[in-house]
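> just coords:
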């Protein structure tokens, strides 16, 4: 595996202090128990550490002093009972806090998902936005959400460091300096590793995303099953997986080599640090300067002191890492689209609206060439228009631009004489009933798929009218649960699967129920035969007379009934007119229509 280039260095948008204040304020607002429990853990933890430090020398001191058996049992029993009480109290607080921390993480995940659903769709095509999205997703389960307990643990380590350090200082202050120096060396080694991991994260995430897609999603999604078997794609996909695993192994090895170097360095430093400290302690003991109880006290203090200082530095590292993750998360939340959010222009209720493109050009962020170039046309209010052309001509791109799901690089799109940027985004979306080529039905009831509303918010009489108009009433009456029958057997064991024609009828019912002033059909019937598609398009046309309708198809015969037809060819609008006018013109439309009609004769 050749060496991969390192990801370019990037700096977090928000500093550590800003991120700390943001997450602490958010945690206090959503779940105060996390902060309160973190504070209550501090005295409990310190008391337990004090027990661990003083219990052995106290016990040995009792034996050295020759105390009677009952006194020894009473003192040791009291100390053990007290230690047990404090340990149980700390375990109860820790358990409750861990549950609350996980809940808080789920809240972050919900907010992340909510933001993802709320983003303007065109942003999700931007590679830089995709990177921010991935980083924010990783940050959800990061250490930033554990700031309160990390800060509490750091406080415990600081206080215990002074407590244990005071004990060691009475023996030899040089030992404290030695332990601190060793811990600082290990800290900077760990910090170097953290920085390397942070810079390489982008490449690792991209590799894991590809590997997960090929090895998991493709293998379990039934829509790929036919192609994999009929075209013998298994060896090809297996080779892809093998290449990605090899790349994944490279990143694992790179991380492991760094970790190994860090571990070896840390172990060597700890060996020198602790070895010298214990040598000084043992020398004093052999010289008769320490009793057995004192030796036990100093031995416990030395073994713990470096851990406390390392804990302080480790907590600081976790807080720094958490600050980077919180910065990534906040940077994702800060993303704003260009579509307007607020009191925009209004559209006349219950009336069809016009659609106008003025010198519109568009290129996809990762595209090699423009999808549309200098497109201008106008569909009048109430008109039935058709967008036709071969696959890849830009028909779907036009509809996305029309709805505000994409925004033009040049020119403007007007709805009822106003730019899409003048409407509130929610109002803009409500102006359209879009039936896309690749549609998705929710794994819920038929009624919920049509109304897109919970049970208590549905207009049942209107729902029944739309179902009847779409021709779906006979199918529904044959079902035991009627409109409440769930779809998708994989998700609902008692669900059903609709046929292609029944799905089309459901989509028509949904469009009728929504009753938007503009209806757009983006080749949703492409999988049907030409006659079935023509029949379905005419059914849509008959049931949507009170709106502006845009019918999109690569089959020219399916849209002959439209008031005007627009032919897209090679990024541009080649011809426009009625079916008769375009046939009389004898141009590209005439040529394509005659070629296609040969297959239907």
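Arrived safely. A quick note: this is a predicted structure, and the numbers were derived from the prediction, not measured.
> Residue 593 sits in which helix or strand?
helix 588-597 (DSSP states H and E).
> sorry, that was for residue 166
Judged by DSSP H and E, residue 166 forms part of helix 147-169.
> So for the chain, the centremost residue is which one?
By CA atoms, centre = their mean, the chain has its centre lying nearest to residue 137, at 4.2 Å.
> And stretch 105-120, what's buried?
105, 107-108, 111-112, 115, 120 (16 or more other CB atoms under 10 Å). Backbone N, C-alpha and C define where each C-beta goes, glycine included.
> And for residue 285, the neighbour number?
Using other CB atoms under 10 Å, residue 285 has 16 neighbouring residues.
> Which strands and helices lie in contact with the longest helix seen in the chain?
In the chain, assigned by DSSP state H, the helix with the most residues is helix 234-286. The criterion is 3 or more CB pairs under 8 Å, 6 or more residues apart in numbering; DSSP states H and E, and the helices and strands that helix 234-286 contacts are helix 173-212, helix 292-333.
> Output the ones you listed in CSV; the columns should cover mean pLDDT.
Shown next, in CSV, are the helices and strands packed on helix 234-286 (pLDDT from 0 to 100):
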stretch, mean pLDDT
helix 173-212, 73
helix 292-333, 81
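> And those: which comes nearest residue 54?
helix 292-333 (7.2 Å; CB to CB).
> Next secondary structure after the closest one?
Remark: after helix 292-333, the chain's next helix or strand is strand 355-362, criterion DSSP H and E.
> So which bits of the helix or strand following that following strand are buried?
Toward the C-terminus, strand 355-362 is succeeded by strand 372-379 as the next helix or strand (DSSP H and E). Within strand 372-379, the residues scored as buried using 16+ other CB under 10 Å are 372-373, 375, 377, 379.
> related to what we said a few turns ago, nearest to residue 571, of the helices and strands packed on helix 234-286?
Of the helices and strands packed on helix 234-286, nearest to residue 571 by CB to CB is helix 173-212, at 30.6 Å.
> And that closest one, what does it pack against?
helix 127-139, helix 147-169, helix 234-286, helix 292-333.
> can those helices go into TSV with extra columns for distance to residue 557?
Compiled in TSV, the helices and strands packed on helix 173-212 are given as follows (distance: least, CB to CB, whole Å):
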stretch	distance to residue 557
helix 127-139	40
helix 147-169	64
helix 234-286	37
helix 292-333	47
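> Ok, which of those helices comes nearest residue 539?
Nearest to residue 539 among those is helix 127-139 (39.1 Å), distances taken as CB to CB.
> quick one: average confidence on that closest one?
On average, the pLDDT along helix 127-139 is 85.
> So what touches that helix?
For helix 127-139, contacts defined as CB atoms under 8 Å, 6 or more residues apart in numbering pick out 112, 116, 119, 123-124, 201-202, 205-206, 209, 325-326, 328-329, 331-333, 335, 365-366.
> just stretch 337-356 next, same as before
119-120, 122-123, 377-383, 402, 404, 407, 413-418, 420-425, 427-428, 431, 517-518, 546-548, 550.
> for stretch 383-393, same thing?
For stretch 383-393, the external contacting residues (CB under 8 Å, 6+ apart) are 352, 379, 395, 398-399, 541, 548-554, 556, 559, 561-571, 574, 589, 592.
> please redo it, this time with the cut-off set to 7 Å
When contacts are defined by CB atoms under 7 Å, 6 or more residues apart in numbering, stretch 383-393 is touched by residues 379, 395, 398, 541, 548-554, 556, 559, 562-569.
> Setting the sequence-adjacent residues aside, check what's closest to residue 548.
residue 352 (4.3 Å; CB to CB, 6 or more residues apart in numbering).
> List the contacts of stretch 416-435.
Taking contacts as CB under 7 Å, 6+ apart, the residues outside stretch 416-435 that touch it are 338-345, 347, 353-354, 399, 403-404, 412-413, 415, 507, 511, 514, 516-522, 524.
> For ChimeraX, what selects the buried ones among those?
Of these, the buried ones go into a single ChimeraX selection, burial set by 16+ other CB under 10 Å:
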select :339,340,344,347,353,354,399,403,404,412,413,415,507,511,514,516,517,518,519,520,521,522,524
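> thinking again about what came up before, give the other helices and strands that the helix holding residue 593 contacts.
With contacts taken as 3 or more CB pairs under 7 Å, 6 or more residues apart in numbering; DSSP states H and E, helix 588-597 sits against strand 564-569, strand 572-577, helix 579-585.
> helices and strands around the longest one, which ones?
What that stands for is helix 579-585. So helix 579-585, by 3+ CB pairs under 7 Å, 6+ apart, packs with strand 572-577, helix 588-597.
> Go through it and flag the buried ones.
579, 582-583.
> got it, and the second one?
Applying a neighbour-count criterion of 16+ other CB under 10 Å, one finds 573, 575, 577 buried in strand 572-577.
> Work out the sheet partners of that strand and label each with its direction, please.
Paired strands of strand 572-577, with direction, are strand 564-569 (antiparallel) (DSSP bridges).
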